[in-house]
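> the following block contains a protein sequence and its predicted model.
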Amino acid sequence: ITDSEYMNYILYNPNENKLYFTDKLLPKTLFFYKGDKLPNTKIVYKIFKNAETILGHICNKLVYKTEKYEIAFYYSKDLKIDPKYFKNFTYLNKNKNTEIMKSIFLKQIVTTKNYIATTVASKIIFVKISDKEFIKPLHEIIKEQ
């Protein structure tokens, strides 16, 4: 759950291999990306150790480049996720990135020929999560992106 306008709620279902999300501008619509929408693309990776401290977490920086864009992820090894859940999520090389980082990212910079987009965590709240949090929410419209 984020405070952004776009993708303010995100839920990945590994059984369906779909990433569901909402957008504040269209609150009645649940969007999704298919995890296998595109195969993995050829990428060049670089890792920079101890690149930045974000919210008290020392972060490494993973940079990967394709022919069309570059993405930098700042991630902390102490905020772990299990990459096995993303093994079939080839769209935007999510499976490869997760396998390398084995954690969530706290900052992301996407650079293309036309724009630069930066996302940065503003706070982390650790909460106990119940199984009901993993149930796909009901919406009037479900639309693939």
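Thanks, I have the structure now.

> nearest spatial neighbour of residue 22, chain-adjacent residues omitted?
Leaving aside its chain neighbours, residue 22 sits nearest to residue 9 (4.3 Å; criterion: CB to CB, 6 or more residues apart in numbering). (Glycine included, C-beta is placed from N, CA and C.)

> sheet partners, orientation included, of the lowest-mean-pLDDT helix or strand in the chain?
Using mean pLDDT, DSSP states H and E, strand 6-13 stands out as the lowest-scoring helix or strand of the chain, at a mean of 82. Strand 6-13 has these partner strands in its sheet, going by DSSP bridges: strand 18-23 (antiparallel).

> now do the next helix or strand after the partner strand: which elements does it pack against?
The helix or strand immediately downstream of strand 18-23 is strand 29-34, counting by DSSP states H and E. Judged by 3 or more CB pairs under 8 Å, 6 or more residues apart in numbering; DSSP states H and E, strand 29-34 is in contact with strand 18-23, strand 141-144.

> OK, contacts around the nearest residue to residue 7 once chain neighbours are set aside?
Using CB to CB, 6+ apart and skipping the chain neighbours, the partner closest in space to residue 7 is residue 21 (4.5 Å). Each residue near residue 21 by CB atoms under 8 Å, 6 or more residues apart in numbering is listed here: 7-11, 30-33.

> may I have stretch 41-50 as CSV, with CA atoms only?
Coordinates of each C-alpha in stretch 41-50 appear next as CSV, following Å, rounded to 0.1, in the frame of the first residue of the first chain:
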residue,chain,number,x,y,z
THR,A,41,15.0,-9.4,-22.1
LYS,A,42,18.8,-9.1,-22.5
ILE,A,43,20.1,-7.0,-19.7
VAL,A,44,23.4,-5.8,-18.3
TYR,A,45,23.5,-5.7,-14.5
LYS,A,46,25.8,-3.9,-12.1
ILE,A,47,25.7,-3.8,-8.3
PHE,A,48,27.1,-1.0,-6.2
LYS,A,49,27.6,-1.9,-2.6
ASN,A,50,26.5,0.5,0.2
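
> identify each of the strands in the protein and give its residue range.
Secondary structure of the chain by DSSP state E: the strands cover 6-13, 18-23, 29-34, 44-54, 57-65, 69-80, 103-112, 116-120, 141-144.
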